[in-house]
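Asker: model the following, please.
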Amino acid sequence: MTNYSNLYMIRVKVIGVIAIQPFFGGEKRMDSETRLEGAPIVSVKRTDWMWKAFLPQGEEFNRDHPIINVSGPKAVDISKIEFPPTMVVVAGFDALHDWQKRYYEWLKNSGKEVYLYEYPTMCHAFYIFPELPESTQLFYQVNEFVRKVLSK
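Answerer: Numbers count the residues shown, from 1 in each chain. Sure, this is the predicted structure:
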């Protein structure tokens, strides 16, 4: 049996964040949620179910909970904390599109180094289809972002 108390602690410094279609929401229904209601993969019904399942046991369900709506009314002020450069990827046919763009704007307005990559004709999880040229393009952009962050 391994004695984990003797293992060394390793400190890791996060030097970049790659947020590919981040899964955020809020109490207010955004245009992309209503316009794309019933879309495959991500829908209002499915996201509400996932957020209810994700919240810690005993927490009242509220889509403005800071775990779900990181940039909402209960958001932490990140303007004065160190935050790594962030790549935010959004797709035009993703019901969470407007929340993802809001996250990008929140980071930008908080004075953070953030880059937006938009795929207007793609749906949620488009990158899992290697036959799509946009999938390959995204992987090149991720590679480029990683190289940029590593070169600092």
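Asker: relative to Ile10, how far out is the residue nearest the centre of the chain?
Answerer: Nearest residue to the geometric centre of the chain (CA atoms, centre = their mean): Pro22, 1.9 Å. Distance, Pro22 to Ile10, by CB to CB, to the nearest Å: 26 Å. Placement of C-beta: from N, CA and C, glycine included.
Asker: for Gly16, same thing?
Answerer: Between Gly16 and Ile10 the distance is 18 Å, computed by CB to CB.
Asker: three-state assignment of the residue nearest to the centre of the chain?
Answerer: State at Pro22, reduced to three classes by DSSP: H, G, I helix; E, B strand; the rest coil: coil.
Asker: shouldn't it be in contact with Tyr103?
Answerer: Yes - between Pro22 and Tyr103 there is a contact under CB atoms under 8 Å: 5.8 Å.
Asker: which residues are in contact with both of these two?
Answerer: Common neighbours of Pro22 and Tyr103 (criterion: CB atoms under 8 Å, 6 or more residues apart in numbering): Val88.
Asker: may I see the buried residues of the lengthiest strand in the chain?
Answerer: When the chain is scanned for its longest strand (criterion: DSSP state E), the result is strand 114-123. The neighbour-count check on strand 114-123 (16 or more other CB atoms under 10 Å) flags 114-117, 119, 122-123 as buried.
Asker: report the angle between the axes of the longest helix along the chain and strand 114-123?
Answerer: Secondary structure of the chain per DSSP state H: the longest helix is helix 133-150. Angle between the axes of helix 133-150 and strand 114-123 is 170 degrees (criterion: axes from the mean of the first three to the mean of the last three CA atoms, to 10 degrees).
Asker: give me the packing partners of helix 133-150, helices and strands only.
Answerer: Applying 3 or more CB pairs under 8 Å, 6 or more residues apart in numbering; DSSP states H and E, one finds that helix 133-150 contacts strand 17-20, strand 86-93, strand 114-123.
Asker: ok, 7 Å please
Answerer: With contacts taken as 3 or more CB pairs under 7 Å, 6 or more residues apart in numbering; DSSP states H and E, helix 133-150 sits against strand 114-123.
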